[in-house]
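Visitor: need a structure here:
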Amino acid sequence: MSTDRAGRAATTGVLAARAHVRAIMGTMVSIHVVADGQRRDEPQVMDAVESAFDFLGHVDRVFSTYSVDSDICRLARGEVSVVDTDPMVTELVELCTVARRGTGGLFDPWWKGWFDPTGLVKGWSVEQAVGHCLRPLVESGLVEAVGVNAGGDIQVLTAPTSSWTWNVGIADPWEPGTTIGRVVLRSGAIATSGTIERGNHIVDPRSGSPAVSVCSATVVAQGLTDADLWATTACVSGFDDLSWIGQAGTDSGLLIASDHRIRRWVGSEESSTARVGV
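Guide: Residues are numbered from 1 along each chain as shown. I've put the predicted structure just below:
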């Protein structure tokens, strides 16, 4: 995530972002707080940051598919039922049921025979952390903006009166370390899914085969739950099928095919604009 200072706050001086970084959910998670030099270190700010990290760590312990002691793994082995797990599991089961129906089965966390909400839970957890732990900092006027970046999936929030903007680069899958475009956000979310960094890890639940026609799918939405879900769905649907964008409710998106073709959409309509970006 990169940021630009678009001006000077009227009462708090020069704005700048401070990042706090932890390794959580198998990736690096950074929490960015935008305020003047004095307010960035306020105890209330630091407490909110720690609370957000604690929440994300708890989500990881509940939903990790790599920890044999996680609720989700114990559920998969039949050692417990949903009602015996953390209440978040019930919430995610309900959310995933709606998502499976809304995507027409392109997203299906039960396709392996057990419940695995990977492809939705990270975006949901970050959106929850921003909403419950960090939003009060903005609403109280203590800080100008906050953002969370979880392995490239990002949720940001900016005060309506602030001049701050977030500039998010879209990685070029064919040129590591470079960007193919950027998105300018004030409040909202952006998620990218694909095959470049982690290989063919996205599977079409309808066939059980890897989804390989899209090497990178970037989706912009108001919340990271939706952005994360539809970025995964875009990969499964494939480069040639954008029929799902009409019901997705996303703001915009960008697909890059394995043969370097590019498609873009804004709202529910594909865009023919030549400029790369979303």
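Visitor: all strands of the stretch 1-150 of the chain, in order?
Guide: Here the stretch 1-150 of the chain has its strands, by DSSP state E, counting those that start in this stretch, at 2-4, 8-9, 13-14, 16-24, 27-35, 145-150.
Visitor: and those: which comes nearest residue 78?
Guide: Proximity to residue 78 (C-beta to C-beta) singles out strand 16-24 among these, at 27.7 Å. No exception for glycine: its C-beta is placed from N, CA and C like everyone else's.
Visitor: distance to residue 115 added to the strands of the stretch 1-150 of the chain, as CSV?
Guide: Listed next are those as CSV, based on distance: least, C-beta to C-beta, whole Å:
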stretch, distance to residue 115
strand 2-4, 36
strand 8-9, 46
strand 13-14, 48
strand 16-24, 21
strand 27-35, 22
strand 145-150, 21
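Visitor: check those strands for me and report the most buried one.
Guide: Across those, averaging neighbours per residue (mean count of other C-beta atoms under 10 Å) puts strand 145-150 on top, at a mean of 26.
Visitor: hmm, back to that, pipe the strands of the stretch 1-150 of the chain into a markdown table and attach distance to residue 242 and mean pLDDT per row.
Guide: Below are the strands of the stretch 1-150 of the chain laid out as a markdown table (distance: least, C-beta to C-beta, whole Å; pLDDT from 0 to 100):
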| stretch | distance to residue 242 | mean pLDDT |
| --- | --- | --- |
| strand 2-4 | 28 | 45 |
| strand 8-9 | 41 | 32 |
| strand 13-14 | 43 | 68 |
| strand 16-24 | 33 | 93 |
| strand 27-35 | 28 | 96 |
| strand 145-150 | 26 | 97 |
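Visitor: show me where the stretch 151-278 of the chain has its strands.
Guide: With DSSP E, counting those that start in this stretch, the ranges of strands along the stretch 151-278 of the chain come out as 153-158, 165-171, 179-185, 188-194, 203-204, 209-210, 214-221, 252-257, 262-266, 269-271.
Visitor: return the list of strands paired to the fifth one, each annotated with direction.
Guide: Under the criterion DSSP bridges, strand 203-204 sits next to strand 209-210 (antiparallel) in its sheet.
Visitor: what angle separates the longest helix seen in the chain from strand 16-24?
Guide: Counting residues, the longest helix found in the chain (DSSP state H) is helix 43-63. Helix 43-63 runs at 30 degrees relative to strand 16-24, counting by axes from the mean of the first three to the mean of the last three C-alpha atoms, to 10 degrees.
Visitor: show me what counts as buried in helix 43-63.
Guide: Across helix 43-63, burial judged by 16 or more other C-beta atoms under 10 Å covers 45, 48-49, 52-53, 55-57, 59-63.
Visitor: residue 83 is nearest to which of the strands of the stretch 151-278 of the chain?
Guide: Residue 83 sits nearest to strand 203-204 of all the strands of the stretch 151-278 of the chain, at 28.5 Å, using C-beta to C-beta.
Visitor: and residue 178, how many residues sit next to it?
Guide: Under the neighbour criterion other C-beta atoms under 10 Å, residue 178 is assigned a count of 10.
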